[in-house]
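Peer 1: sequence and predicted model, in that order:
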Amino acid sequence: MLNVKIQHFGYTEEIVLKNLDFSVEKGTHISILGESGCGKSTLLKIIYGLLHVENGTVSWDDNELLGPNFNLVPGEPFIKYLAQDFDLMPYISVADNIGKHLSRRFMQHRKERIAELLEVVAMTAFAEVHVKLLSGGQKQRVALARAIAKEPELLLLDEPFSHIDNFRRNALRRNLYAYLKKEEITCITATHDSEEALSFSDEIKMMRDGTFIQTDTPEALFQNPKDAYVASFFSDINELEIDGKTLLLMPHQLKISEDETAIEVEILKSYFKGSYYLVEGIFNNEKVYFNTNKAFEKGEDLFLKIDV
Ligand SMILES: Nc1ncnc2c1ncn2[C@@H]1O[C@H](COP(=O)(O)OP(=O)(O)OP(=O)(O)O)[C@@H](O)[C@H]1O
């Protein structure tokens with residue numbers, strides 16, 4: 001189990017992380033969700049042992065990890081950290097990059113392991129290609145495979161799918177997270193992709209300005225965001241004043257009503273989203289967003305009811 005307690009941390013006098021106290025059970029997958037610059041990468045770097053934290057501790061199974069001031073080579077051997085810059089070797093093949101940390105003493109085992117990893121990241125066809133010839137997304141897939149090659153106990157992923165196109169991303173995410181679960185590899189992912197956090201985590205920690213503002217299961221966080229900021233990570237958000245009360249509602253919680261209700265909306269625009277339309281309207285001089293299965297024309301009037 002990982003235990004992290006950080007009273008505060010900054011690169012300069014400015015505080016970047018504060019009041020963090022959490023643990024991660026073996027085999028679980030935590031997502032740290034937050035906007036750019038809120039401190040996600042900094043936290044991963046501290047856990048891995050790249051940054052020294054004066055006011056705090058990081059421990060693994062009750063052993064304190066001492067960090068870069070005490071280790072000749074920064075970073076713990078049982079942890080792998082996949083940084084945003086993949087740190088690959090450009091002039092050797094994909095297969096050799098993936099096998100970089102695998103022993104050459106058991107060549108057959110090494111070969112089989114590389115083949116297995118190539119399949120996890122759907123890069124088998126590129127095994128012999130030099131990394132410098134790959135696209136950004138392909139490099140990211142190689143870096144992912146290399147990070148799990150030696151089965152770390154703890155895997156830290158920093159925006160692991162940011163360069164990978166939608167077409168491959170879903171299959172790759174399913175493959176990777178299923179593999180980590182099977183091998184009971186504990187994983188912390190830093191991301192600003194709420195869809196990924198919702199679908200693949202056991203727990204989401206919402207980070208804002210260097211601290212966690214809400215921690216919960218994906219379902220609970222989505223259904224009960226503590227404020228408009230948290231909710232806005234998951235969808236457009238409506239803050240409606242009705243009968244003197246402010247209600248925080250997501251677009252799917254508003255439905256078209258045949259009856260005249262308190263929410264009379266004038267349509268501004270319909271956005272096609274594939275399986276539904278997101279419709280923008282005006283209610284009480286405020287924008288309101290709701291989902292429908294057909295588009296509406298600008299200027300149409302209709303009523304909405306709340307369906308929570
Ligand atoms: N080496 C550094 N020296 C000084 N300040 C830094 C350094 N690295 C990061 N920072 C600052 O620390 C804050 C947190 O940065 P961090 O990279 O942890 O955010 P992040 O949430 O991971 O952002 P992103 O999603 O864009 O990667 C930012 O204000 C950033 O400018």
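Peer 2: It's in.

Peer 1: quick one: pLDDT of residue 261?
Peer 2: What the model reports for residue 261 is a pLDDT of 88.

Peer 1: doesn't residue 157 fall inside a helix?
Peer 2: No - under DSSP: H, G, I helix; E, B strand; the rest coil, residue 157 sits outside any helix and is assigned strand.

Peer 1: who does the most centrally placed residue in the chain bridge with?
Peer 2: Residue closest to the average C-alpha location in the chain (CA atoms, centre = their mean): residue 191, at 3.1 Å. Bridge pairing for residue 191 (DSSP bridges) gives the partners residue 33.

Peer 1: can I assume residue 88 is in contact with residue 143?
Peer 2: Yes - proximity of residue 88 to residue 143 meets the contact threshold set by CB atoms under 8 Å, at 5.9 Å. All C-beta atoms are positioned from the backbone trio N, CA, C, and that covers glycine.

Peer 1: the two: which has the busier surroundings?
Peer 2: The residue with more neighbours, out of residue 88 and residue 143, is residue 143; 23 against 18, by other CB atoms under 10 Å.

Peer 1: now tell me what touches whichever strand or helix holds that one from outside.
Peer 2: Assessed by DSSP states H and E, residue 143 sits inside helix 136-148. Residues external to helix 136-148 that are found in contact with it (CB atoms under 8 Å, 6 or more residues apart in numbering): 80-82, 86-88, 94, 97-98, 100-101, 117-118, 120-123, 126, 131, 134, 155, 157, 160-165, 168, 172, 176, 179-180, 185.

Peer 1: switch the cut-off to 6 Å
Peer 2: For helix 136-148, the surrounding residues in contact (CB atoms under 6 Å, 6 or more residues apart in numbering) are 80, 82, 86, 88, 94, 97-98, 117, 121, 123, 163-165.

Peer 1: give me the subset of these that lies in strands.
Peer 2: 80, 82 (DSSP state E).

Peer 1: mind checking which of the contacts of helix 136-148 are buried?
Peer 2: Buried by 16 or more other CB atoms under 10 Å: 80, 82, 86, 88, 94, 97, 98, 117, 121, 123, 163, 164, out of these.

Peer 1: residue 188 and residue 9: what is the separation?
Peer 2: 16 Å (CB to CB, to the nearest Å).

Peer 1: using CSV, write out every CA atom in stretch 10-25.
Peer 2: As requested, the backbone C-alpha atoms of stretch 10-25 are provided in CSV (Å, rounded to 0.1, in the frame of the first residue of the first chain):
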residue,chain,number,x,y,z
GLY,A,10,6.9,24.2,-3.8
TYR,A,11,9.7,24.5,-6.4
THR,A,12,10.2,28.0,-5.2
GLU,A,13,8.5,29.9,-2.3
GLU,A,14,5.2,29.5,-4.2
ILE,A,15,3.3,26.5,-2.8
VAL,A,16,2.3,24.0,-5.6
LEU,A,17,1.0,21.1,-3.4
LYS,A,18,-0.7,21.3,0.0
ASN,A,19,-2.6,19.2,2.6
LEU,A,20,-2.4,15.9,0.8
ASP,A,21,-2.9,12.8,2.9
PHE,A,22,-4.0,9.6,1.2
SER,A,23,-3.3,6.0,0.6
VAL,A,24,-3.7,3.7,-2.3
GLU,A,25,-4.4,0.0,-1.8
